[in-house]
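In: how would this look folded up:
(chains A and B)
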Protein chains: 2
Amino acid sequence: MIQAGMPVIECVPNVSEGRRMEVVNALVDAVRRTPSVRLLDYSSDTAHNRSVLTMAGEATSLKAAVVALFEAALPRIDLRQHTGEHPRLGAVDVVPFVPIADVTMDECVQLAKETAAEVADRFQVPVYLYEEASGNPARKNLEDIRRGEFEGLEAKMSAPGWAPDFGPARPHPTGGATVMGARMPLIAYNINLATNRLDVAKKIAAAIRFSSGGFRYVKAMGIAIEDRGIVQVSINLTNYEKTPMFRVFEAVKQEAARYGVTILESEIVGLVPAAALIGTAEHALQLASFTPNQILENKLRGTS
Amino acid sequence: MIQAGMPVIECVPNVSEGRRMEVVNALVDAVRRTPSVRLLDYSSDTAHNRSVLTMAGEATSLKAAVVALFEAALPRIDLRQHTGEHPRLGAVDVVPFVPIADVTMDECVQLAKETAAEVADRFQVPVYLYEEASGNPARKNLEDIRRGEFEGLEAKMSAPGWAPDFGPARPHPTGGATVMGARMPLIAYNINLATNRLDVAKKIAAAIRFSSGGFRYVKAMGIAIEDRGIVQVSINLTNYEKTPMFRVFEAVKQEAARYGVTILESEIVGLVPAAALIGTAEHALQLASFTPNQILENKLRGTS
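Out: Coordinates of the predicted model:
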């Protein structure tokens, strides 16, 4: 049971096994057996041969759960035998810690570093820090760290600038390396346009995404929703505090208007932090000097 | 401690004593001594000679707290001796129950009726139901029920259509009568205009408030904020589900534009239910098929 007012961190390990369910079950059990950790969700993809676990708890418990996950994964997953569509470096491939409630990003960075040190020490697995936990601009982006994958890891690790942050300077023979860090919660946010013109969705996606000159924390692509005869700007918002939802929405609306297109609707896929929606309301209502203390439920629950 | 997932009702009794602090303290103590009830706030107004207590809990505990409040108030407050600026009918003047979390309006109506029956039976105080708890259109509005005040109560109660819903058909000799019911949380919401033209604020208030043809759940007035050289549309929103914040905001914006005036900012005074802000975000983002289950904190707390 997660109590109100208690710090809550989310941890979303990605592991390189999505086909042998007895292995996935062993990993899930390792998390479930860890006291004070709540397993919120897990899902496996056979094409990717990869599973994603979502768990929540306090720092100490999550660290224990991640160690238990390595303990279960390393004897069961051999990257030399692993194939799948998704790029990967290690058996436990990526471990992000995400601040949810009553906890700072700095505390998640600290937790990532402590967990990385412990994993490297106990299992001799090299660990790279990423995103907010990384102090190296060339090693913030997961894709940059993972480029070359497990097969290219030994060569990469001996290249200048690629010594790991923790652990040995060579891959674990079967477990490869792990990327561990801290990041903001990701919001999967789609905006549907009242048109079937795919070129418009693609142009808008290009206009708003970071990689082609748009907002810093937006990834986006334009896709067709064939059965509805409409198109969609499909967005991943990687930091809703720095690139807020309403700003992205307004930008899409403006860009669409330039082509004579309107927004039909938008949708959030999966979960969204309450603060992202509250922030949108503050913007829409031009609220001045509003604080989370003013939310009735926060007052009742004794959290701010 | 109010746990997540537990039904939460707010109860906001208004009592006719705001000067003799030993009496107010006795009433506050009566609530504080009731198990499983949380006193969130209380405040007294000497000019009004009236105090407002805000408490929260489950139905059974709140009923016990209200009974305890009557038990403490009736021997200490004599309406025959009471003066103050605020209109009042009884020692315990008004008792609204407000649904907050995991509870329906119907359950609050039921609680109001059960509490009214118990109070009438134990203390021989006549009780009128109001707002959502009243089935009589002429007796929904608090002001209509309270018209004539304690001094006119005996005459009023013998007039056709004014028999109480519970209790004797004559006033309690010192305690008068009580108005009890269920209503939505009230949002005190002010919109500041980028002008010093008081006539504009007054015209906008008249346009949006129910009493002069505006929205059903809006009370509003235009006032000057002298020290800032601006004017304000000061709003009480009595049902944010049926008259949502964003609709009121947009209406004020439109009306202001008609006079060449813009909105400077808005402000929420005191508390606001999260759902009122989430609803505003849903509107602003044109969110389709969004459910409270998608809010991360709700999922973590195991409430929907």
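
In: Leaving out the residues flanking it, which one is nearest to A:Gly214?
Out: A:Ile208 (4.1 Å; CB to CB, 6 or more residues apart in numbering or on different chains). To be clear about C-beta, it is placed using only N, CA and C from the backbone, and glycine gets the same treatment.

In: so that neighbour sits right up against A:Val233, yeah?
Out: Yes: with contact defined as CB atoms under 8 Å, A:Ile208 reaches A:Val233; the gap is 7.4 Å.

In: okay, these two: which has more neighbours?
Out: A:Val233 (31 against 23; other CB atoms under 10 Å in any protein chain shown).

In: helix or strand for that one, which one?
Out: Here A:Val233, judged by DSSP states H and E, is contained in strand A:230-237.

In: re earlier: tell me, what's touching A:Ile208 and A:Val233 both at once?
Out: Common contacts of A:Ile208 and A:Val233 (CB atoms under 8 Å, 6 or more residues apart in numbering or on different chains): A:Ala220, A:Val252.

In: how close does A:Thr60 get to chain B?
Out: 18 Å (CB to the nearest CB, to the nearest Å).

In: correct me, but A:Val95 touches A:Thr115?
Out: Yes: taking CB under 8 Å as the definition, A:Val95 is a contact partner of A:Thr115 at 7.2 Å.

In: Touching both of these two, which residues are there?
Out: By CB under 8 Å, 6+ apart, the residues touching both A:Val95 and A:Thr115 are A:Val66, A:Met180.

In: Pull the number of nearby residues for A:Leu27.
Out: 25.

In: which element is it on?
Out: Assigned by DSSP H and E, A:Leu27 falls in helix A:21-32.

In: Contact partners for the residue nearest to the spatial centre of chain A?
Out: In chain A, the C-alpha nearest the mean C-alpha coordinate belongs to A:Leu186, at 5.7 Å (CA atoms, centre = their mean). Contacts for A:Leu186 (CB under 8 Å, 6+ apart) come out as A:Asn236, A:Leu237, A:Thr238.

In: list the contacts for the second one?
Out: Put plainly, it is A:Leu237. Counting by CB under 8 Å, 6+ apart, A:Leu237 makes contact with A:Leu186, A:Ile187, A:Ala188, A:Tyr189, A:Tyr217, A:Val218, A:Thr243, A:Met245, A:Val248.

In: gap between the first one and B:Glu107?
Out: When distance is defined by CB to CB, to the nearest Å, A:Leu186 is 38 Å away from B:Glu107.

In: ok, now the second one?
Out: For A:Ile187, the distance to B:Glu107 (CB to CB) stands at 34 Å.

In: repeat for the fifth one
Out: Distance check for A:Tyr217 against B:Glu107: by CB to CB, it reads 43 Å.

In: Which strand residues bridge A:Ile235?
Out: A:Tyr189, A:Ala220 (DSSP bridges).

In: Would you check that it makes contact with A:Val248?
Out: Yes: A:Ile235 is within contact range of A:Val248, at 6.5 Å (criterion: CB under 8 Å).

In: Touching both of these two, which residues are there?
Out: With CB under 8 Å, 6+ apart, A:Ile235 and A:Val248 have common neighbours A:Tyr189, A:Ile208, A:Val218.

In: the strands in the stretch 151-300 of chain A, which residues?
Out: Assigned by DSSP state E, counting those that start in this stretch, the stretch 151-300 of chain A shows strands spanning A:178-182, A:187-193, A:218-225, A:230-237, A:263-269.

In: Could you dump those strands into TSV and include mean pLDDT and distance to B:Ser61?
Out: TSV is the format used below for the strands of the stretch 151-300 of chain A (pLDDT from 0 to 100; distance: least, CB to CB, whole Å):
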stretch	mean pLDDT	distance to B:Ser61
strand A:178-182	98	42
strand A:187-193	95	39
strand A:218-225	93	48
strand A:230-237	95	42
strand A:263-269	94	36
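
In: could I get these as JSON lines with distance to A:Phe123?
Out: JSON lines is the format used below for the strands of the stretch 151-300 of chain A (distance: least, CB to CB, whole Å):
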{"stretch": "strand A:178-182", "distance to A:Phe123": "9"}
{"stretch": "strand A:187-193", "distance to A:Phe123": "32"}
{"stretch": "strand A:218-225", "distance to A:Phe123": "32"}
{"stretch": "strand A:230-237", "distance to A:Phe123": "31"}
{"stretch": "strand A:263-269", "distance to A:Phe123": "34"}
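
In: Can you tell me which of those is most buried?
Out: strand A:178-182 (a mean of 28; mean count of other CB atoms under 10 Å in any protein chain shown).

In: For it, give me every contacting residue.
Out: A:89-90, A:92-99, A:105, A:108-109, A:111-112, A:115-116, A:119, A:125-134, A:142, A:145-146.

In: same thing but 6 Å
Out: With CB atoms under 6 Å, 6 or more residues apart in numbering or on different chains as the test, strand A:178-182 has contacts from A:90, A:92, A:94-97, A:108-109, A:112, A:116, A:125, A:127-133, A:145.

In: per-residue pLDDT, the spatially closest residue to A:Asn141 that is not a sequence neighbour?
Out: Nearest residue to A:Asn141, sequence neighbours excluded (CB to CB, 6+ apart): A:Tyr130, at 7.2 Å. We have a pLDDT of 97 for A:Tyr130.

In: A:Gly57 bridge partners, please.
Out: Under the criterion used (DSSP bridges), A:Gly57 bridges to A:Ile9.

In: how near is A:Glu132 to B:Ser158?
Out: Distance, A:Glu132 to B:Ser158, by CB to CB: 73 Å.

In: Please read the previous query as pertaining to A:Arg146.
Out: 84 Å.

In: more neighbours, these two?
Out: A:Arg146 (23 against 11).

In: can you pull the buried residues of stretch A:206-213?
Out: A:Ala206, A:Ala207, A:Ile208, A:Arg209 (16 or more other CB atoms under 10 Å in any protein chain shown).

In: Could you list the contact residues of the stretch 51-200 of chain A toward chain B?
Out: Proximity of the stretch 51-200 of chain A to chain B, by CB under 6 Å from any CB of the partner chain, involves residues A:Ala56.

In: In the stretch 51-200 of chain A, what residue comes closest to chain B?
Out: A:Ala56 (5.7 Å; CB to the nearest CB).

In: That residue and A:Cys11 touch, don't they?
Out: No: between A:Ala56 and A:Cys11 there is no contact under CB atoms under 6 Å: 7.4 Å.

In: more crowded one of those two?
Out: Just comparing A:Ala56 and A:Cys11: by other CB under 10 Å the higher neighbour count belongs to A:Cys11, 29 against 23.
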